[in-house]
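> Quick one, what's the 3D model for this:
(2 chains)
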Amino acid sequence: MTAIKKEESAGFDRQTIDYIQRAAASGLYEIRGLGAKRRVPNFDDLLFLAASLSRYPLEGYRERCATKTVLGTRHATRPVELAIPITIAGMSFGALSARVKESLGRAATEVGTSTTTGDGGMTPEERDSSKILVYQCLPSRYGFNPDDVRRADAIEIVIGQGAKPGGGGMLLGQKVNPRVARMRTLPQGVDQRSASRHPDWTGPDDLVIKIKELREITDWEKPIYVKVGATRVFNDVKLAVHAGADVVVVDGMQGGTAATQTVFIEHVGIPTLAALRQAVDALEDLNMRGTVQLIISGGIRSGADVAKALAMGADAVAIGQGVLFALGCNSDTYVEGNQHLSAAQDYARLGTAPGYCHHCHTGQCPVGVTTQDPLLELRLDPAVGAKRLKNYLKTVNMELTTIARACGKQDVHHLEKEDLVALTVEAAAMAAIPLAGTSWIPGR
Amino acid sequence: MANLKPTPRTTPAPAAAAHARQFDLARDSLRDLNAFLHRRAAAEGVTLVQISNPDGAHSIACGLNSALDVHIHGHVGYYAAGMNKSASVTVHGNAGPGVAENMMSGRVHIRGFASTAAGASAHGGLLIIDGDASLRCGISLKGGDIVVGGGVGSFSAFMAQAGRMVICGDAEDALGDSLYEAVIYVRGKVRSLGADARFEPMTDADRATVTDLLALSGMDHDAAEFKRVASARSLYHWNADTDQEY
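Next up is the predicted model:
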C-alpha cells in the first residue's frame, strides 16, 4: 500500500481551504466573538530589567507600592479616583446578560475600580452594583439618555473599537430578547446593526463641540473619555486631545467583540503594543502627558501586561476578554448551587470545545456569560462571577506591584520605559524599546 | 424650500414677573445660563426664561430636565436644546447642527431653518422646524416626532428606529435609508428613497396622525396630500440574499 503524502500548502492550508469552501457554500462571511487569534507582537515580547546594582529594589512582600489612579484631571471638577490602574472595559448589555453586568459591577466596586457600560445603555443592575461607572456614548445611541448621563461617573465617547475600528457593530437577533429590544427601541429578534458613525457630528472639529455639550449637560463635573480603535493612533490621539478629552482610551487590535466579521477582527487595526507607543508619542508631542490620561486596552491579560503598559506610558488599562475568562468563559464547567456541572455537550452543539469557543454571537454561551437566554444566563450566579473576577483583578494587581517593587518603584505609575527591553526586533521597533542586550531601537 | 421670510430679530419683553428670568449672552456666560436652567430655575420657581444675543453659541439650553418655557431670540449654534426633557424651547431664529439631539420629551420649536442632524436620535418629544432642515434630519430617530415645514436634506431618517416624521416640503436623496420602525410622511417630491425604504398606502390612521402632528405644530396642510414611507424590513435579518446591503 502506498503511503499517503501529506504536503500541506502554506498559502492554502486546511484552514484556508475550509474558509473558502464555507464561503462558497453559504455566501456569507463569518461573524464571531472575542478577539484576534493570530499572533502579533505583544507585551510578551517585552521583559523587565529589574533592580540590581544600578537600581535599588523594594522589599517584595512588605513595602508599600501605591496603585491609586486618578483619571479626568484636565477639565472635570469630579475626576475619577481608582484604587488600582486596572479598569473593566465597555461591554454591552445585550452582548452580556444583566447578571454578568451585575457581577462586573460588584467585583469592580470591591477592588475599587470602574466598570463601563456598552452599546445598549445602562442597566439598573449595573448602576446599582458599580460604585464608579463609565457611561459610553456610542454612534448607535441605543438607550442613551440624559438621566443616565447625570447618573454616570464619567462619559466615554466611543469613536471605534480595536476589534473593528470603523466597523460599527452587530447584535444578532437571537440575543435581541424583549428587554434588549426595549432598551434599544428595536423590534425583538432583528439582527441589530450599530452605526459606525455618530449621528450628530462628523469630524474632530465637531467633536470639540460635542464634548462641550456633554460638559454643559453635566455642568462640567464628569470626565469625558474618548475611545479610539487603534489605527492611525498618533493622529487620532492628538485630535482627541485637541477636541478636549480628559482621558483617551486606545483599544488595540487584540481587543474583543461580541460579534464581528472574522476578516475585520484579524485584518484591521494595529497591535496594542504599537498603538500604545504611538499614543504616548502623541501625548508627549503635545506636552500633555499627565494632563490627559491614557488608558490602553486590547488583549491585556496579566499583571505583567499591565506593568509593561504602565512602563510604556499608560495611566491605566482596560480589560474585557480577560474579565470574561475570569467569569468562566471557555471553562469546562458552570456552577449550579455548589456543584460544577459539565458544559461539554453545549460546547459540542456549537461545534466547538472549551478553550476554543468564540460563539458569543450565537447567544448560546454554554457557561452563561454572553447570552440572553433565560435558562443559560442562570449558569452564571452574579455572586460567583463577582468573586472570581475580584480574585482575578486582585491577582493582576499583585503581579503588577510585585514587578514594580522589583524595579524599585513605590508607585506603579513610576514604572518607565527604561525598565523594559524587547525580545524581538519587531517589538523593539513597535514599542521603541531597545532590543535586549543592545541599545538598538530599530528605526530610531 | 420653505417659503419662509428671514426670521425677524425678536427682543424679549422685560422679565418682571417672579416666575420669569432674562439672560443676555452678550453679558452672561453660557455656563451660568445652563447651570441656572439645570439646577436653580425649578428651585426658584422660575418657569419662563428669555435669552437674548445667542449669536450662534453652541449648546444653549441643553440638558434641560424640567417643565421650563425657554425662548431664545436669535440664531443658535450646535446642539441647542440637546437631550431636552420636559422643557419647551423656542428658537426665534435658525438652528445649527444637532438641534434637539437625543430629546426625550417636551417640545422644541425652530422658527427658522435647521442645519444637519436635527432631532438626531430623539427618543421622544416634538421637534418643529418651520423652515427647511438640512442633511440627516431625524437620523437614528428613536421615538420622537419631527415636523418640518419645508424640505429635508439627503439621508434624512437614516436608520430611524421609531417615531414619526412629517415633511411638508420635498426630501432629497436616500430618504429613510435602513429604516426600522419609524414612519415618514412626505407632502412634496422625494428625490430618492434609501435602502429598504418604500412607499406604502396611507391609511385613515396615518391621515389622523398627520393631521394631529400638523395641528400641534401650527401648520395647515391637508393630510391627504402626504405619502407614507416605511421600512420594507428586508434588512432586518442578516442573510446572503441582501447583496452586501449589510
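> switch to C-alpha atoms for all contacts and neighbour counts from now on
OK.
> What is the burial count for residue A:37?
The number of residues packed near residue A:37 is 10, by other C-alpha atoms under 10 Å in any protein chain shown.
> Same check on the one 5 residues further on?
Per other C-alpha under 10 Å, the neighbour tally for residue A:42 reads 19.
> likewise the one 10 residues further on?
The local packing count at residue A:52 equals 11, with neighbours defined by other C-alpha under 10 Å.
> Same check on the one 5 residues further on?
Burial of residue A:57, expressed as a neighbour count using other C-alpha under 10 Å, amounts to 18.
> how about it, what does it touch?
For residue A:57, the contact set (C-alpha atoms under 8 Å, 6 or more residues apart in numbering or on different chains) comprises A:50, A:51, A:405, A:406, A:407, A:408, A:409.
> so residue A:430 touches residue A:274, yeah?
Yes. The criterion here is C-alpha atoms under 8 Å, and residue A:430 meets it with residue A:274 at 4.7 Å.
> for the one helix or strand in chain A whose mean pLDDT sits lowest, the distance to its chain's centre please.
When the helices and strands of chain A are compared on mean pLDDT, DSSP states H and E, strand A:169-171 comes out lowest with a mean of 80. Centroid displacement of strand A:169-171 relative to its chain, using C-alpha atoms, centre = their mean, to the nearest Å, is 17 Å.
> partners of that strand in the sheet?
Strand A:169-171 pairs in its sheet with strand A:192-194 (antiparallel), by DSSP bridges.
> How about the residues of the stretch 201-350 of chain A by chain B?
A:201, A:209, A:210, A:212, A:213, A:216, A:217, A:218, A:219 (C-alpha under 8 Å from any C-alpha of the partner chain).
> Can you tell me the closest non-neighbouring residue to the fifth one?
In this case it means residue A:213. Once flanking residues are discounted, residue A:213 sits nearest to residue B:59: 5.3 Å by C-alpha to C-alpha, 6 or more residues apart in numbering or on different chains.
> re the thing from before, buried residues in the following helix or strand past the least confident helix or strand of chain A, which are they?
Sequence order places helix A:178-184 as the next helix or strand after strand A:169-171, per DSSP states H and E. Across helix A:178-184, burial judged by 16 or more other C-alpha atoms under 10 Å in any protein chain shown covers A:180, A:181, A:183, A:184.
> Return the distance of the first one relative to residue A:380.
In other words, residue A:180. Using C-alpha to C-alpha, to the nearest Å, we find residue A:180 at a distance of 19 Å from residue A:380.
> cool, and residue A:11?
On the measure of C-alpha to C-alpha, residue A:11 and residue A:380 end up 42 Å apart.
> now residue A:83
On the measure of C-alpha to C-alpha, residue A:83 and residue A:380 end up 27 Å apart.
> One more: residue A:42?
To residue A:380, residue A:42 is 31 Å away according to C-alpha to C-alpha.
> ok, longest helix in the chain?
Using chain A. Longest helix in chain A by number of residues, with DSSP state H as the criterion: helix A:382-406.
> wait, I meant chain B there
helix B:204-217.
> what's the spacing between that one and its chain's center?
Here helix B:204-217 is found 16 Å from its chain centre; the criterion is C-alpha atoms, centre = their mean.
> so does the next helix or strand after it get close to chain A?
As assigned by DSSP H and E, the chain's next helix or strand after helix B:204-217 is strand B:227-231. No. On the criterion C-alpha under 8 Å from any C-alpha, strand B:227-231 is out of touch with chain A, staying 12.3 Å away.
> Restrict stretch A:54-73 to CA atoms and write it as CSV.
The C-alpha trace of stretch A:54-73 is given here as CSV (Å, rounded to 0.1, in the frame of the first residue of the first chain):
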residue,chain,number,x,y,z
SER,A,54,22.3,50.2,39.4
ARG,A,55,18.7,50.2,40.8
TYR,A,56,17.6,49.6,44.4
PRO,A,57,14.5,47.3,44.8
LEU,A,58,11.7,47.5,47.3
GLU,A,59,11.0,44.6,49.6
GLY,A,60,8.7,42.5,47.5
TYR,A,61,6.2,41.3,50.1
ARG,A,62,6.4,44.2,52.6
GLU,A,63,6.9,47.6,51.3
ARG,A,64,4.1,49.8,50.2
CYS,A,65,3.6,50.2,46.5
ALA,A,66,0.9,52.7,45.5
THR,A,67,-1.6,51.9,42.9
LYS,A,68,-4.0,54.8,43.2
THR,A,69,-5.0,56.1,39.8
VAL,A,70,-6.8,59.4,39.1
LEU,A,71,-8.5,59.9,35.7
GLY,A,72,-10.0,63.1,34.3
THR,A,73,-8.0,65.8,35.9
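> Rounded mean pLDDT for that stretch, please.
Here stretch A:54-73 scores 91 as its mean pLDDT.
> That stretch: which residues count as buried?
Residues of stretch A:54-73 classed as buried by neighbour count (16+ other C-alpha under 10 Å): A:57, A:58, A:60, A:65, A:66, A:67, A:69, A:70, A:71, A:72, A:73.
> do stretch B:192-209 as well
B:192, B:193, B:194, B:195, B:196, B:197, B:198, B:202, B:206, B:207, B:209.
> can you list contacts of that stretch?
Residues outside stretch B:192-209 that contact it (C-alpha under 8 Å, 6+ apart): B:155, B:171-179, B:223-224, B:226-235, B:245.
> rewinding a little: let me know whether the residue nearest to residue A:213 touches residue B:84 as I believe.
No. Under the criterion of C-alpha under 8 Å, residue B:59 makes no contact with residue B:84, lying 11.1 Å away.
> From the chain's centroid, how far away is the lowest-mean-pLDDT helix or strand in chain B?
In chain B, no helix or strand scores lower on mean pLDDT, DSSP H and E than helix B:41-43, which sits at a mean of 92. On the basis of C-alpha atoms, centre = their mean, helix B:41-43 sits 26 Å off its chain's mean C-alpha point.
> for the residue lying closest to residue B:102 once chain neighbours are set aside, what are its contacts?
Once flanking residues are discounted, residue B:102 sits nearest to residue B:122: 4.0 Å by C-alpha to C-alpha, 6+ apart. Applying C-alpha under 8 Å, 6+ apart, we find residue B:122 in contact with B:83, B:100, B:101, B:102, B:103, B:104, B:138, B:140, B:141, B:142, B:143, B:144.
> Select from those every entry located in strands.
B:142, B:143, B:144 (DSSP state E).
> Give me the below-cutoff pLDDT ranges for the chain.
No chain specified, so I'll use chain A. Low-confidence segments of chain A, defined by pLDDT under 70, are located at A:1.
> try again with chain B
B:1-16, B:239-246.
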